[in-house]
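[1] give me a 3D structure for the following:
(one chain, ligands or ions: 1)
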Amino acid sequence: MNDLDYMRLALELAERGRGWTNPNPMVGAVIVKDGRVIGEGYHHRCGGLHAEREAFAACTESPAGATLYVTLEPCCHHGRQPPCTEAILEAGISRVVVGSWDPNPLVAGKGLSFLRAHGVEVETGVLQEACDALNDVFFHYIRTKRPYVVMKYAMTLDGKIATRTGASQWITGESARERVHQDRHRYAAVMAGVGTVLADDPLLTCRMEGGRNPVRVICDTHLRTPLDSQIVRTAREVPTILACTDGARRAPYEAAGCRVFVLPERDGHVDLSVLMERLGAAEIDSVLLEGGGTLNWAALESGIVQRVQAYIAPKLFGGKDAKSPVAGLGVELPAQAVKLKNTTVTQIGEDFLLEGEVDTDVHGNR
Ligand SMILES: NC(=O)c1ccc[n+]([C@@H]2O[C@H](COP(=O)([O-])OP(=O)(O)OC[C@H]3O[C@@H](n4cnc5c(N)ncnc54)[C@H](OP(=O)(O)O)[C@@H]3O)[C@@H](O)[C@H]2O)c1
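    Numbers count the residues shown, from 1 in each chain. Now for the predicted structure:
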């Protein structure tokens, strides 16, 4: 085994924290001495031990003189946990191999300089691309203090998200729908517009075994969400935020367990940019946007979307009045299109998932 193999193992360990560490990063660590793995660890959940300390605690022999492989630069500041750089020195580690740099301004290279200054050999950038990709949410959140937004929709091959009668269950097959539940576990919140609540009365919970429910966020300018909707009726069990512009009618929603955010208005609706600031301040680092076409367009237009996931079912609905995933006014010219980069296509059961990052060089925040 070489550096790349051990870092791959650290990445696999980090993955185990997916869905539980937010708003912290996923991190994995492996300690190797004389060609043997003597300790493994990962960050289990926010507030818990960091991966490095987990690995030290799991060591089967003294880590003095060993190499530590860690997917993210070790922290050197007091946060929810004491600095890992101190634990590394105390353990007598002689070499540290790192995947990603920590963009947190409190860390940013300082951890590595500190280790070098204390005689530890440090190597950086090993499997950096994979390590960076693991924490796209964390990197975005720590830099912007706003959630990483993934716009997700399921459509037919002719671009419809419902039939002409508005029926939309189901467009994709079971495997694709399972994948969506994994993402509801992975991202901190799920967001939809009141139009989707009125049309489908969804629960928006995570039905993955052992999964965690995301916070539900409903964009509802005038508080039209029915009090007997599934969302409101389950608000005591599943955290729920209603975003509106006038809180005069908030009392019955709050009595039912919902949190009501009263926000400024923009173009006649909730201001999505301010909503993202409020969610970020509430430590919501990521949002899976599962809106209808109206909210999807507004979200794209206001520049809050980082990633688009289109589940495409190999079937056709037809119908000039059947809805499409992105509505609103739309752009005037093809050159003004929202463009994606780093796109991938994955077959999931009978369906296809086409996803990519919104090219922010072209589309910044409005
Ligand atoms: N296949 C899929 O992936 C999928 C996913 C979701 C929905 N759907 C389908 O989509 C249809 C519903 O579409 P929809 O467009 O009405 O739903 P939507 O986009 O979820 O909700 C639209 C409503 O959100 C509210 N809203 C609050 N803030 C907004 C803002 N800043 N910008 C825009 N809207 C804002 C608006 O009403 P107020 O201003 O009054 O609050 C607006 O009418 C249903 O047929 C549903 O089945 C399909």
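
[2] what's the helix or strand harbouring residue 181 packed up against?
    Residue 181 is part of helix 174-186, with elements assigned from DSSP states H and E. Packed against helix 174-186 by the contact rule (3 or more C-beta pairs under 8 Å, 6 or more residues apart in numbering; DSSP states H and E) you find strand 148-156, strand 286-289, strand 307-313, strand 340-348, strand 351-358. C-beta coordinates here come from the backbone N, C-alpha and C atoms, glycine included.

[3] need the contact list for the residue nearest to residue 211 when sequence neighbours are not counted.
    Residue nearest to residue 211 in three dimensions, not counting chain neighbours: residue 185, with 3.8 Å by C-beta to C-beta, 6 or more residues apart in numbering. Residues counted as contacts of residue 185 (C-beta atoms under 8 Å, 6 or more residues apart in numbering) are 18-19, 206, 208, 211-212, 214.

[4] same thing with residue 102?
    Here residue 102 is in contact with 25, 72-73, 75, 108, 111 (criterion: C-beta under 8 Å, 6+ apart).

[5] and it, that one's in a helix?
    No - under DSSP: H, G, I helix; E, B strand; the rest coil, residue 102 sits outside any helix and is assigned coil.

[6] burial count for whatever residue of the stretch 201-350 of the chain ends up closest to the ligand?
    When scored by C-beta to the nearest ligand atom, the stretch 201-350 of the chain has residue 292 as its residue closest to the ligand, at 2.2 Å. Using other C-beta atoms under 10 Å, residue 292 has 26 other residues around it.

[7] wait, isn't it in contact with residue 155?
    No - when contacts are counted by C-beta atoms under 8 Å, residue 292 is not listed as touching residue 155 (11.6 Å).

[8] identify the contacts common to those two.
    Contacts common to residue 292 and residue 155, judged by C-beta under 8 Å, 6+ apart, are residue 161.

[9] not counting its neighbours along the chain, what's nearest residue 130?
    Excluding the flanking residues, the one nearest residue 130 by C-beta to C-beta, 6+ apart is residue 11, at 5.9 Å.

[10] buried residues in the helix or strand where that neighbour lies?
    Using DSSP H and E, residue 11 falls within helix 3-15. With burial defined by 16 or more other C-beta atoms under 10 Å, the residues of helix 3-15 counted as buried are 6-11, 13-14.

[11] near the ligand, anything from stretch 342-358?
    No - remark: stretch 342-358 sits outside contact range of the ligand, by C-beta under 6 Å from any ligand atom, the gap being at least 12.0 Å.

[12] can you list contacts of stretch 166-180?
    Residues outside stretch 166-180 that contact it (C-beta under 8 Å, 6+ apart): 152, 154-156, 161-162, 199-200, 208, 311, 313, 315, 323, 348-351, 353.

[13] send over that stretch as PDB, restricted to the C-alpha atoms.
    Extracted as PDB, the C-alpha positions of stretch 166-180 are listed here (Å, rounded to 0.1, in the frame of the first residue of the first chain):
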ATOM      1  CA  GLY A 166     -51.000  17.800 -12.600                       C
ATOM      2  CA  ALA A 167     -50.400  14.200 -11.600                       C
ATOM      3  CA  SER A 168     -46.700  13.600 -10.900                       C
ATOM      4  CA  GLN A 169     -46.500  10.300  -8.900                       C
ATOM      5  CA  TRP A 170     -44.400   8.700 -10.100                       C
ATOM      6  CA  ILE A 171     -42.100   9.900 -12.900                       C
ATOM      7  CA  THR A 172     -39.000   7.900 -12.000                       C
ATOM      8  CA  GLY A 173     -38.600   4.300 -10.800                       C
ATOM      9  CA  GLU A 174     -37.900   3.000  -7.300                       C
ATOM     10  CA  SER A 175     -34.100   3.100  -7.500                       C
ATOM     11  CA  ALA A 176     -34.100   6.800  -8.400                       C
ATOM     12  CA  ARG A 177     -36.500   7.600  -5.700                       C
ATOM     13  CA  GLU A 178     -34.300   5.800  -3.200                       C
ATOM     14  CA  ARG A 179     -31.400   7.900  -4.300                       C
ATOM     15  CA  VAL A 180     -33.400  11.000  -3.500                       C
END
